[in-house]
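A.B. asks: the following comprises the amino acid sequence and a computationally predicted model.
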Amino acid sequence: MTPLNNVSIVSEQPEANVKTKRIVEAILFAARRPMTAKQVQQVFPELEQPELPEILSAIDSIIEDYRFRPIELKAVASGYRFQVRQELSRWVSRLFEEKPPKYSRALLETLAIIAYKQPVTRGEIEDIRGVSVSSSIIQTLLEREWVKVVAHKEVPGRPGLYGTTKQFLDYFNIASINELPTLQEIQHLEWPIDKMQQPTQVTSEKQETN
Amino acid sequence: MTPLNNVSIVSEQPEANVKTKRIVEAILFAARRPMTAKQVQQVFPELEQPELPEILSAIDSIIEDYRFRPIELKAVASGYRFQVRQELSRWVSRLFEEKPPKYSRALLETLAIIAYKQPVTRGEIEDIRGVSVSSSIIQTLLEREWVKVVAHKEVPGRPGLYGTTKQFLDYFNIASINELPTLQEIQHLEWPIDKMQQPTQVTSEKQETN
Amino acid sequence: MTAIASIEVMPLPFAMVNGAPFEKLPDDLYIPPDALEVFLDLFEGPLDLLLYLIRRQNLDIVNIPIAQITQQYISYIKLMGELNMELAAEYLVMAALLAEIKSRMLLPRQIEGDDEEEDPRATLIRRLQEYECIKAAAEEIDLLARIERDIFAIDVDVSLLGVDQPLPDVQLNDMLLALKDVFKRVAQLSHHQITKEALSVRERMATILEYLKGENNLLFSQLFVRKEGRHGVVVSFLAILELGKEGLIEIIQSEPCSEIRVRAVSSPSETQGL
């Protein structure tokens, strides 16, 4: 269907059978959660299951078909899901009475620490933020299934070590934690080195002893 | 607007603007219920609302676009709705053959609070739980027809007040909310032994692989 | 603009900073004096407050003038104290740490080899840097496109496929136990109180609100069901009183001895006016 599948000629993926593609598309539309290629494959009756490469090729072809439509088939952490394109959210959000939840800075900072420093204990989170972390923040993050206890630290009290989940990545529309900007990137963004060269800085140090 | 507006003299319907059509399609995909053309129109901000004929023309054009796809935009009694085509039901039905999913602890807590504190707003539920309640929980309870919005509280934002329904009573086989144990009685309940071993439900976690 | 407002509204004398009277909050930090929690909420803790002070003056974090920043920090938390804010212990601990660092800097340096422990300033700077980095990361996360706000799921109907989607089964007991857990949590949060009204009243409240939904108003007497007997009347009556107390309904009597009417606080017909 899409003529520009040069890629598929080179790659080993077999061109998906038209019927397979139709079924894959229907499954992805009907599922209310992201589906991996393997999960899609397993929806087919056992004797009719296409090979994984064929499923993947069908998925590629569907992604291509929807390239210019207002919805897209997107790969997030736990699989592929159809979703409305971001640029249309302004209109679509008006469908729903409820305002999307807002998250407090305290919650987002806690989440950021877990995302970047995982696995991390609550005590370590508190050290970094310099304040205690309220139980309701941890509870909210656990309940939203954005974080989970991945292990326990072998120190007295065996505190839980928190890590992020696939649901966290799904919710923030990314496929892997690597898609987050690195702390180095953030740091450089925030720490212009040339600050050091500003002459005003020098004077400030002299007041030290007053 | 659209160059071929002459056509509309013949067909009565103005050719839908490309942007309008994109928005209409996005709305119909995101809505969780059938939408009439008028309802679709009203999702647009007041000053940007296309005329009804333009919406209808967009809908026609979308129906046409999906003619060969495994889903269709169909007019049902209460409006237009995207559906998986009938002939694919054999495959899609297998999606739902898995054992029934489980509700989260958060959902059960929310339901219980609505039963005991009705009429109650979402904010009040959150105050009691000490944790925010996600929209999807409320949505699930509404869809299940266990709770409904009985009125709106006259405070800023006019939040909905939730109460339980007759279906709720029927499901739990009680004639009235009165038959629920009192809060004092609840204090003495114990989790059955087999539930103790799996304190938190690990739903959706099984699909982790791949 | 806000600065002017702040001078007018603020009744309290402010702290002294660097010997100068501290008469107004910085422009970008105006909060009404009584919104105490808001003030504390502005800062996520002592590190955040310190960072703010450093950034506001464009100071080089790697080389913070400890004495100056300590004074400002302490004047800020003094201000919080004057505003009767319950100061979190963390703020005071930081004040103590800053004071300690400051005093050490004033003391003559000890002989070299004795200097094994880390410069407390370096530790503080590292913490500040790490915190600022996390703060920025949190902002980045907040900007990511997310479900419910920027990304919307699609919903394609399958109900006509003749597919039975099994729904989760719930045991009444599971629900009650979940509620018990809520109370256990609540009990730990000390001052939260859950009133224990008769359930039937709460249910009746919901029912009455629903009756009133489509109606402009109803006769008081219409809200009672004869066959429910005395108990039913009491329940309805209590429910009406409770609804009135919570401001959810209005009880109207246009003239003495006329029939009492009840209506939802704002009937839909009124609010929908274009």
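C.D. replies: Noted; the coordinates are in hand.
A.B. asks: helices and strands of chain C: which one bottoms out on pLDDT?
C.D. replies: When each helix and strand of chain C is scored by mean pLDDT, DSSP states H and E, helix C:2-9 comes last, with a mean of 36.
A.B. asks: touching chain B at all, the host helix or strand of residue C:185?
C.D. replies: Residue C:185 is part of helix C:172-188, with elements assigned from DSSP states H and E. Yes: using Cβ under 8 Å from any Cβ of the partner chain, helix C:172-188 reaches chain B at C:172-183, C:185-186. For every residue, glycine as well, the C-beta is placed using N, CA and C.
A.B. asks: and stretch A:150-164, by the same measure?
C.D. replies: No: residues of stretch A:150-164 contacting chain B under Cβ under 8 Å from any Cβ: none, with a closest distance of 12.0 Å.
A.B. asks: same thing with stretch A:19-34?
C.D. replies: Yes: if you take Cβ under 8 Å from any Cβ as the test, stretch A:19-34 does meet chain B, through A:22, A:23, A:25, A:26, A:27, A:29, A:30, A:31, A:33.
A.B. asks: the third one: what's it in contact with?
C.D. replies: When contacts are counted by Cβ atoms under 8 Å, 6 or more residues apart in numbering or on different chains, residue A:25 touches A:58, A:62, B:69, B:70, B:71.
A.B. asks: can you read off the pLDDT for it?
C.D. replies: At residue A:25, the pLDDT value in this model is 97.
A.B. asks: the residues of helix C:172-188 next to chain B: which ones sit near chain A?
C.D. replies: Within the residues of helix C:172-188 next to chain B, nothing lies near chain A by Cβ under 8 Å from any Cβ.
A.B. asks: among those residues, which has the minimum pLDDT value?
C.D. replies: Out of the residues of helix C:172-188 next to chain B, that is residue C:186, at 70.
A.B. asks: so which residue is smack in the middle of chain A?
C.D. replies: Using Cα atoms, centre = their mean, the residue of chain A that lies closest to the mean C-alpha position is residue A:169, 2.2 Å off.
A.B. asks: send the alpha carbons of the helix or strand that residue falls within over as CSV?
C.D. replies: Using DSSP H and E, residue A:169 falls within helix A:166-171. Provided in CSV are the C-alpha atoms of helix A:166-171 (Å, rounded to 0.1, in the frame of the first residue of the first chain):
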residue,chain,number,x,y,z
LYS,A,166,6.4,1.3,32.2
GLN,A,167,3.2,3.0,33.1
PHE,A,168,5.1,6.1,34.0
LEU,A,169,6.7,6.1,30.6
ASP,A,170,3.4,5.4,28.9
TYR,A,171,1.7,8.2,30.8
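A.B. asks: now what about it, what contacts it?
C.D. replies: Contacts of helix A:166-171 (Cβ under 8 Å, 6+ apart): A:34, A:76-78, A:81, A:111, A:115, A:144-147, A:175-177, A:179, B:204, B:208, C:146-147.
A.B. asks: list buried residues within these.
C.D. replies: The neighbour count (16 or more other Cβ atoms under 10 Å in any protein chain shown) marks A:34, A:76-78, A:81, A:111, A:115, A:144-147, A:175, B:204, C:146-147 as buried among the contacts of helix A:166-171.
A.B. asks: show me the residues you listed that map onto strands.
C.D. replies: Judged by DSSP state E, those include A:76, A:81, A:147 as members of strands.
A.B. asks: got the contact list for the closest residue to the second one other than its chain neighbours?
C.D. replies: The shortest distance from residue A:81 to any non-neighbouring residue, by Cβ to Cβ, 6 or more residues apart in numbering or on different chains, is to residue A:34 (4.2 Å). Residues near residue A:34 by Cβ under 8 Å, 6+ apart: A:76, A:77, A:78, A:79, A:80, A:81, A:170.
A.B. asks: ok, back up a step: could you pick out the buried ones from the residues of stretch A:19-34 next to chain B?
C.D. replies: Buried among those (16+ other Cβ under 10 Å): A:22, A:23, A:25, A:26, A:27, A:29, A:30, A:31.
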